[in-house]
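Enquirer: Mind looking at a prediction? Sequence and model below.
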Amino acid sequence: MRAARRPGRAMRDRPSEFRLVLASLLVGVWTIGAPPVSAGEHDSGPARNVGSGAGSSGGPSAGSRADSRGDVQAEPGTGTGAAAAERGRRVFHATGGCSCHTNYPGEGEAAPELAGGRPLETPFGVYYSTNITPDDETGLGSWSDADFIRAMREGLSPTGAHYFPVFPYTSFTGLRDRDLVDLKAYLDSLPAIERASPPPDAWIPFRWRWTIAGWKWMNFESQRIERDPDRSESWNRGRYLVLAAAHCGECHTPRTWTGGLDRSLWLAGSRDGPEGELAPNITPDRKTGIGDWSRVDLVWYLETGLKPEGDDTQGLMAEVIEHGYSKLPRQDLEAIAAYLETVPAVENEVKGKGAE
């Protein structure tokens with residue numbers, strides 16, 4: 001297992017940024033008094049545009065309401081049963097198999113599936129993934145559908161506590177009700193494993209959940225993804241998968257000094273990707289991105305992890321392909337490829353820190 005980087009090292013290397021982030025997170029002091037959002041309020045009010053390149057350009061724009069043809073206002077219990085669990089399996093694979101919730105780096109293939117405890121390295125410290133098996137004490141066993149939707153849409157626990165944004169609710173907020181309820185049904189069908197996750201190994205104030213209220217105020221808006229009527233069904237499906245379920249932007253977009261996504265470099269790669277790994281530019285820029293890849297190349301990569309030149313992928317991306325994307329229907333992979341071909345090309349060469 002790769003040794004976890006000492007919490008906060010990257011921020012200590014950039015003291016001015018550390019002070020800025022500290023100040024920004026303390027905005028949470030001002031917003032902590034606001035009442036938590038209830039599970040029934042997640043579609044209220046107009047949503048801000050969350051990204052550049054809106055509309056037909058293929059950028060990460062979203063609306064206040066979901067596509068009325070695909071969104072279902074689920075009632076408690078509608079996600080139960082084998083049919084719902086089978087639909088949820090497809091959503092699960094679209095997320096990359098929720099691989100961050102299994103500690104493959106530390107325990108290998110013997111790691112208890114989805115039982116959490118995986119160290120997730122960030123510039124702010126090390127956070128540990130949670131148990132999402134249906135265990136009543138340490139997992140999701142006691143959660144209702146509404147609890148699950150609230151967590152995925154708002155980044156809030158059943159008690160109203162804020163989740164740290166290593167949990168990509170900033171992307172999952174775009175998932176449709178039906179997909180969320182079906183995903184919960186699939187997770188409920190898996191074996192329950194009792195296992196508590198360690199607390200964050202992070203410096204103050206980055207271990208305090210209440211500060212995330214300020215972070216959300218600056219970086220997060222709960223919203224659904226609207227269908228573009230001028231685009232094909234395949235393109236809209238691909239956009240939904242890339243922006244919401246597969247949450248590609250969370251790894252392949254660099255972060256600002258507040259820890260939010262830098263939308264001016266959407267999908268253009270990050271040298272501080274997941275678990276400290278480099279995440280490449282996946283825009284169609286021919287020089288620094290994947291502009292030379294054909295649609296067949298990209299589908300093959302998502303199925304096998306093999307790049308056009310024959311190299312195989314490594315790290316977390318290899319995991320999400322093995323446990324998630326490779327199990328998706330081919331039409332979903334083709335939809336992802338069709339959408340990625342249309343996002344704005346950004347010239348941004350991403351190099352490892354040792355290569356500079």
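Expert: Sure, I can see it. Residues are numbered from 1 along each chain as shown.
Enquirer: Tell me which stretches of this structure form helices.
Expert: Under the criterion DSSP state H, the chain contains helices at 9-12, 15-25, 28-31, 82-94, 104-107, 145-154, 169-172, 177-188, 212-219, 233-240, 249-252, 295-304, 315-323, 330-340.
Enquirer: Same list (these) but as a markdown table, adding mean neighbour count.
Expert: Bear in mind the C-beta positions are built from the backbone N, C-alpha and C, glycine included. Shown next, in a markdown table, are the helices of the chain (neighbours: other Cβ atoms under 10 Å):
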| stretch | mean neighbour count |
| --- | --- |
| helix 9-12 | 16 |
| helix 15-25 | 15 |
| helix 28-31 | 15 |
| helix 82-94 | 19 |
| helix 104-107 | 16 |
| helix 145-154 | 22 |
| helix 169-172 | 21 |
| helix 177-188 | 24 |
| helix 212-219 | 20 |
| helix 233-240 | 21 |
| helix 249-252 | 23 |
| helix 295-304 | 17 |
| helix 315-323 | 20 |
| helix 330-340 | 21 |
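Enquirer: Now tabulate those helices in TSV and tack on mean pLDDT and distance to Asp136.
Expert: Shown next, in TSV, are the helices of the chain (pLDDT from 0 to 100; distance: least, Cβ to Cβ, whole Å):
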stretch	mean pLDDT	distance to Asp136
helix 9-12	38	37
helix 15-25	44	33
helix 28-31	41	31
helix 82-94	97	19
helix 104-107	93	23
helix 145-154	97	13
helix 169-172	96	23
helix 177-188	97	11
helix 212-219	93	26
helix 233-240	98	32
helix 249-252	95	29
helix 295-304	97	36
helix 315-323	93	25
helix 330-340	98	33
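Enquirer: wait, which of these is closest to Ile132?
Expert: With Cβ to Cβ, the closest approach to Ile132 among the helices of the chain belongs to helix 177-188: 5.9 Å.
Enquirer: How far off centre is that closest one?
Expert: 16 Å (Cα atoms, centre = their mean, to the nearest Å).
Enquirer: Check the residue nearest the centre of the chain and give its pLDDT.
Expert: Against the mean C-alpha coordinate of the chain, by Cα atoms, centre = their mean, the closest residue is Pro168 at 3.5 Å. Predicted confidence (pLDDT) for Pro168: 95.
Enquirer: now Gln223
Expert: Gln223 carries a pLDDT score of 89 in this model.
Enquirer: Now stretch 106-117: buried residues?
Expert: Ala111, Pro112, Glu113, Leu114, Ala115, Gly116, Gly117 (16 or more other Cβ atoms under 10 Å).
Enquirer: Kindly report the same for stretch 129-143.
Expert: Ser129, Thr130, Asn131, Ile132, Thr133, Pro134, Asp135, Thr138, Gly139, Leu140, Trp143.
Enquirer: For the second one, list the residues it contacts.
Expert: Right, the one you point to is Thr130. For Thr130, the contact set (Cβ atoms under 8 Å, 6 or more residues apart in numbering) comprises His101, Gly116, Phe167, Ser197.
Enquirer: again, 7 Å this time
Expert: When contacts are counted by Cβ atoms under 7 Å, 6 or more residues apart in numbering, Thr130 touches His101, Gly116, Ser197.
Enquirer: Please apply the same query to the last one.
Expert: Residues in contact with Trp143, defined by Cβ under 7 Å, 6+ apart, are Pro158.
Enquirer: Phi, psi for it please.
Expert: The phi/psi pair for Trp143 (degrees, to the nearest 10) reads phi -80, psi 140.
Enquirer: What of the fifth one?
Expert: Listed backbone geometry of Thr133 is phi -80, psi 170, with angles given as degrees, to the nearest 10.
Enquirer: Would you confirm that it contacts Ala115?
Expert: Yes: here Thr133 lies in contact with Ala115, judged by Cβ atoms under 7 Å, at a distance of 5.7 Å.
Enquirer: can you list residues touching both of the two?
Expert: Ile193.
Enquirer: a markdown table for the contacts of Thr130, including distance to Glu334 and pLDDT?
Expert: Converted to a markdown table, the contacts of Thr130 look like this (distance: Cβ to Cβ, whole Å; pLDDT from 0 to 100):
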| residue | distance to Glu334 | pLDDT |
| --- | --- | --- |
| His101 | 27 | 96 |
| Gly116 | 33 | 96 |
| Ser197 | 37 | 94 |
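Enquirer: Quick check: of these, which lies closest to Phe172?
Expert: For the contacts of Thr130, the nearest to Phe172 is His101 (13.1 Å; Cβ to Cβ).
Enquirer: contacting residues for the closest one?
Expert: Leu114, Gly116, Arg118, Ser129, Thr130, Ile132.
Enquirer: rerun at 6 Å
Expert: Neighbouring residues of His101 by Cβ atoms under 6 Å, 6 or more residues apart in numbering: Leu114, Gly116, Ser129, Ile132.
Enquirer: quick check, nearest of the residues you listed to Val299?
Expert: Of the contacts of His101, the one sitting nearest to Val299 (Cβ to Cβ) turns out to be Leu114, at 26.9 Å.
Enquirer: separation between the closest one and Gly139?
Expert: Look at Leu114 and Gly139: by Cβ to Cβ, to the nearest Å, they are 8 Å apart.
Enquirer: Are there residues contacting both of these two? Which ones?
Expert: With Cβ under 6 Å, 6+ apart, Leu114 and Gly139 have common neighbours Thr133.
Enquirer: What is the neighbour count of the residue lying closest to Pro199 once chain neighbours are set aside?
Expert: Leaving aside its sequence neighbours, Pro199 sits nearest to Arg207 (Cβ to Cβ, 6 or more residues apart in numbering; 7.1 Å). By the other Cβ atoms under 10 Å criterion, the neighbourhood of Arg207 contains 16 residues.
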